[in-house]
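**Q** Provide a 3D model corresponding to the input given below.
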Amino acid sequence: MTTGRVIPGAILIILGALFLAANFGYLDWSFVASLWQLWPLLVIIVGVQFFFGSRHQWLAAVLVLVVLVGGAALVILDGDRWFDSADLKTTTIEGPALAGVRGAEARIDVGAARLDIGSQPGSVAATGTFESRRDPQVTHDVSNGTYTLEVLQKNDVRIFPFDFGRDRLILDLAEGVPWKIDLNTGAADANLDLTGLTLRELSVDAGASSLDLTVGPDVAANARVVIGGGVGSYRLRLPRDLDITLTTDAGLSSTDVDPGFQKNGDVYHHTGTGERLSVDIDAGVSSINVKLY
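**A** Have a look, this model is predicted:
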């Protein structure tokens, strides 16, 4: 067997092992995505093949191994850059009083970040913190009885940033008003526990992500959940009392849907006595798990 086959095969095996470990929760998707910062190693490997691959195949294999070990050592020895969060800055999120608010929207676009979004009773529309190296833009607006929260990350002009997986947003949204949530994130690990929230619409546009979503039983009429993603793991918990239509366009994904659903092609339906909820999942190479509770 030649190194022309061994090296690409080894790279595919390593990538597959990383994706599998992230799929089962042993690695964060944000960490796996951050490894793309080592893309220059591929250029070096191609160069080694050009110089030595045809005449000195085993020398080329040894040099490639040295390059890969050097990349691993870079991750381990330069741990501060990859894992340390000591230099993160904390931005406090404090929304206005809930009095007079009849509906609410949250627009969140934070790139690669860890997300924890939940609900809270009380008189304040939203509270939370955002830990980030960069200065986020946080705005609050109340107009015609609708509260709008925007949390936007100001991205640096960098093709491969060095802060994957360090940013973290912790956000609690007010109970008692219907919410529309628009979430746009990259390499993220997101935990959305919306059990106490009145959900009107949730839109998630994710990259290489791990998403845990729990929808509460209190939803607006004809509520919607729309999830679009690439490589990732998506775990959904939905109330048994709701009348749910689940549609999947999952590509090369594994799909595990609660037996309480009846399947018809890519459409699953669960008959409940409560409000209607439609759930659309459009994912790439992913693991999808949907359970009723």
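
**Q** next SSE after the lowest-mean-pLDDT helix or strand in the chain?
**A** None of the helices or strands of the chain scores lower by mean pLDDT, DSSP states H and E than helix 79-82, at a mean of 48. Using DSSP states H and E, the helix or strand that follows helix 79-82 in sequence is strand 89-94.

**Q** which residues touch that next one?
**A** Strand 89-94 is contacted from outside by 124, 126-133, 135-136, 138, 149, 151, 171, using Cβ atoms under 8 Å, 6 or more residues apart in numbering. The C-beta positions use only the backbone N, C-alpha and C, and glycine is treated the same way.

**Q** so what does the helix or strand just after it touch, helix or strand wise?
**A** Toward the C-terminus, strand 89-94 is succeeded by strand 103-111 as the next helix or strand (DSSP H and E). In this structure, strand 103-111 packs against strand 126-132, strand 146-153, strand 168-174, strand 178-185, with contacts taken as 3 or more Cβ pairs under 8 Å, 6 or more residues apart in numbering; DSSP states H and E.

**Q** please redo it, this time with the cut-off set to 10 Å
**A** strand 114-120, strand 126-132, strand 136-143, strand 146-153, strand 168-174, strand 178-185, strand 188-194, strand 198-205 (3 or more Cβ pairs under 10 Å, 6 or more residues apart in numbering; DSSP states H and E).

**Q** reformat those as CSV; add distance to R224 and mean pLDDT.
**A** As requested, these are exported to CSV (distance: least, Cβ to Cβ, whole Å; pLDDT from 0 to 100):
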stretch, distance to R224, mean pLDDT
strand 114-120, 17, 94
strand 126-132, 21, 94
strand 136-143, 23, 94
strand 146-153, 18, 94
strand 168-174, 17, 95
strand 178-185, 9, 94
strand 188-194, 13, 89
strand 198-205, 5, 95
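
**Q** could you export those as CSV, including mean neighbour count and distance to I227?
**A** Formatted as CSV, the helices and strands packed on strand 103-111 follow (neighbours: other Cβ atoms under 10 Å; distance: least, Cβ to Cβ, whole Å):
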stretch, mean neighbour count, distance to I227
strand 114-120, 20, 14
strand 126-132, 20, 22
strand 136-143, 14, 23
strand 146-153, 19, 19
strand 168-174, 22, 18
strand 178-185, 21, 9
strand 188-194, 22, 10
strand 198-205, 20, 5
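
**Q** could I get the ones you listed as JSON lines with distance to D266?
**A** JSON lines is the format used below for the helices and strands packed on strand 103-111 (distance: least, Cβ to Cβ, whole Å):
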{"stretch": "strand 114-120", "distance to D266": "28"}
{"stretch": "strand 126-132", "distance to D266": "35"}
{"stretch": "strand 136-143", "distance to D266": "37"}
{"stretch": "strand 146-153", "distance to D266": "33"}
{"stretch": "strand 168-174", "distance to D266": "31"}
{"stretch": "strand 178-185", "distance to D266": "23"}
{"stretch": "strand 188-194", "distance to D266": "23"}
{"stretch": "strand 198-205", "distance to D266": "19"}
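
**Q** with N264 as the reference, name the closest of the ones you listed.
**A** Of all the helices and strands packed on strand 103-111, strand 198-205 sits nearest to N264, with 23.8 Å by Cβ to Cβ.

**Q** so what does the closest one touch, helix or strand wise?
**A** strand 103-111, strand 114-120, strand 178-185, strand 188-194, strand 209-215, strand 219-228, strand 276-282.

**Q** got the angle between it and strand 114-120?
**A** 170 degrees (axes from the mean of the first three to the mean of the last three Cα atoms, to 10 degrees).

**Q** so what strands line up beside strand 198-205?
**A** Partners of strand 198-205 in the sheet, by DSSP bridges, are strand 178-185 (parallel), strand 219-228 (parallel).

**Q** closest one to L12 among those strands?
**A** Of all the strands paired with strand 198-205, strand 219-228 comes closest under Cβ to Cβ, at 26.0 Å.

**Q** export the helix or strand just after that closest one to CSV, keeping only CA atoms.
**A** Heading C-terminal from strand 219-228, the first helix or strand you meet, by DSSP H and E, is strand 232-238. What follows is strand 232-238 as a C-alpha-only set of coordinates in CSV (Å, rounded to 0.1, in the frame of the first residue of the first chain):
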residue,chain,number,x,y,z
GLY,A,232,-24.2,18.1,14.6
SER,A,233,-26.3,16.4,17.3
TYR,A,234,-29.9,17.5,17.8
ARG,A,235,-31.9,16.3,20.8
LEU,A,236,-35.5,17.5,21.2
ARG,A,237,-38.0,17.0,24.0
LEU,A,238,-41.6,17.9,23.1
